[in-house]
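Chemist: need a 3D model of the following:
(chains A, B, C and D)
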Protein chains: 2
Amino acid sequence: MPTMTAAQKRAQAKMNYDAFLAGCPSRQLLDRISDKWVALILAALGEGSPQRPGDAGTGTGDTRAMRYSELSRRLAGISQKMLTQTLRALERDGLLSRTVTPTVPVTVTYELTPLGLSLHHLMHDIKAWAEAHMDQVLTQREQYDRHAA
Amino acid sequence: MPTMTAAQKRAQAKMNYDAFLAGCPSRQLLDRISDKWVALILAALGEGSPQRPGDAGTGTGDTRAMRYSELSRRLAGISQKMLTQTLRALERDGLLSRTVTPTVPVTVTYELTPLGLSLHHLMHDIKAWAEAHMDQVLTQREQYDRHAA
DNA sequence: CAGGATCCCGCTAGATACTG
DNA sequence: CAGTATCTAGCGGGATCCTG
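Modeler: Numbers count the residues shown, from 1 in each chain, chains lettered A, B, ... in the order given. So this is what the prediction gives:
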């Protein structure tokens, strides 16, 4: 019989998640968040929030709440379907919260949860990396393609 | 006439990449790297490399070189097609190098370039995040699904 | 061993139209 | 404004067979 506490068991289980294994749930999660639109939505909702968690913000109020149409405009080229679909998935996973205000017409806002904010920091870096190394990658491609021709 | 140096111009151009814009090349790059298999390949090739770039490693020799079959085994469940395809794309973008050693049978190894290593650090954090917050996400999903039912 | 080539299914992402 | 519903084309991605 195990003498572990529940907390110990959960810590144990957490260590067992390994995205290298095909059946592991964490691989599905990795697949979910490894998505262009996820990266951009998190980036948009996290704009203006402190980049490093150290600065002791005013609690949860430091993430930007954005309306559906705002997001739609910010993420140029996204279809309503993908936007709604991705927002729903992120809401389901607890990464953002959806708030409906009964005005006329109705107002809906989306905001990062603390969990979502923690991922935002990482995703922001990915997006920044892509923008920062674009030149280098472009140069590499030219070289590769020239060599392959 | 601009009085900028070439370096200044390049810095200027770099700032102009914005993944929020539909036509921006950096969005395509973001799409490329926002991929489950990319994350796992980079994670596999970077295993054992120092997590923080500060520690002044022995130059470029601190990334692991892996063979095709090694990667295939490590990334449980990946098809040959996706593995080859993803490796080619990453090689083309200059994130990893492919080395052919003319033994019999031929030996092929893949290794991160410095550029790939810089992305590896970020991707590793994403993968680690997915594994670390799996429990929390799972709990959120249950709540969401119960409420929606 | 490390792929290349081919076939083909599925499901996703986009376009369009409609609604509370 | 903030979606839902429906249709469809396209291709992502797996399975299979073959090769230097």
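
Chemist: element containing the residue nearest the centre of chain A?
Modeler: With distances taken as CA atoms, centre = their mean, the residue of chain A nearest its centroid is A:Leu42 (4.4 Å). Secondary-structure assignment from DSSP states H and E places A:Leu42 in helix A:36-46.

Chemist: could you measure from A:Asp93 over to B:Glu142?
Modeler: 11 Å (CB to CB, to the nearest Å). Yep, even glycine has a C-beta here, placed from its N, CA and C like the rest.

Chemist: and A:Ser118, by the same measure?
Modeler: The value you get for A:Ser118 to B:Glu142, if CB to CB is used, is 20 Å.

Chemist: the residue lying closest to A:Arg67 once chain neighbours are set aside bridge partners, please.
Modeler: In space, and not counting its chain neighbours, A:Arg67 is closest to A:Thr109: 5.5 Å by CB to CB, 6 or more residues apart in numbering or on different chains. Assessed by DSSP bridges, A:Thr109 has beta-bridge partners A:Arg67, A:Thr99.

Chemist: A:Thr103: how many residues sit nearby?
Modeler: For A:Thr103, the neighbour count with other CB atoms under 10 Å in any protein chain shown is 7.

Chemist: so who does whichever residue of chain A sits closest to DNA strand C touch?
Modeler: Chain A approaches DNA strand C most closely through A:Met82 (4.2 Å), counting by CB to the nearest atom of the strand. Applying CB atoms under 8 Å, 6 or more residues apart in numbering or on different chains to A:Met82 gives the contacts A:Trp37.

Chemist: again, only this time at 10 Å
Modeler: The contact partners of A:Met82, taken as CB atoms under 10 Å, 6 or more residues apart in numbering or on different chains, are A:Asp35, A:Lys36, A:Trp37, A:Ile41, A:Leu75.

Chemist: can you pull out the helices in chain A?
Modeler: Here chain A has its helices, by DSSP state H, at A:6-16, A:25-33, A:36-46, A:68-74, A:80-92, A:114-132, A:134-148.

Chemist: which helices and strands does the shortest one pack with?
Modeler: It stands for helix A:68-74. helix A:36-46, strand A:66-67, helix A:80-92, strand A:107-112 (3 or more CB pairs under 10 Å, 6 or more residues apart in numbering or on different chains; DSSP states H and E).

Chemist: buried sites along the longest one?
Modeler: For helix A:80-92, burial by neighbour count (16 or more other CB atoms under 10 Å in any protein chain shown) applies to A:Leu83, A:Thr86, A:Leu87, A:Ala89, A:Leu90, A:Glu91, A:Arg92.

Chemist: do that helix and DNA strand D meet?
Modeler: Yes - using CB under 7 Å from any atom of the strand, helix A:80-92 reaches DNA strand D at A:Gln80, A:Lys81, A:Thr84, A:Leu87, A:Arg88.

Chemist: what is the burial count for A:Leu112?
Modeler: Neighbours of A:Leu112 using other CB under 10 Å come to 26.

Chemist: do the same with A:Glu47
Modeler: 14.

Chemist: skipping adjacent residues, who's closest to it in space?
Modeler: Using CB to CB, 6+ apart, the closest residue to A:Glu47 is A:Arg64 (5.8 Å).

Chemist: isn't that neighbour up against A:Gly46?
Modeler: Yes - here A:Arg64 reaches A:Gly46: they are 7.3 Å apart, a contact under CB atoms under 10 Å.

Chemist: what residues do the two have in common as contacts?
Modeler: In contact with both A:Arg64 and A:Gly46: A:Glu111, A:Leu112, using CB under 10 Å, 6+ apart.

Chemist: for the two, indicate the residue with more neighbours.
Modeler: Neighbours per residue (other CB under 10 Å) separate A:Arg64 from A:Gly46, with A:Gly46 holding more: 22 against 15.

Chemist: so that one touches A:His120, yeah?
Modeler: Yes - using CB under 10 Å, A:Gly46 makes contact with A:His120 at a distance of 3.7 Å.
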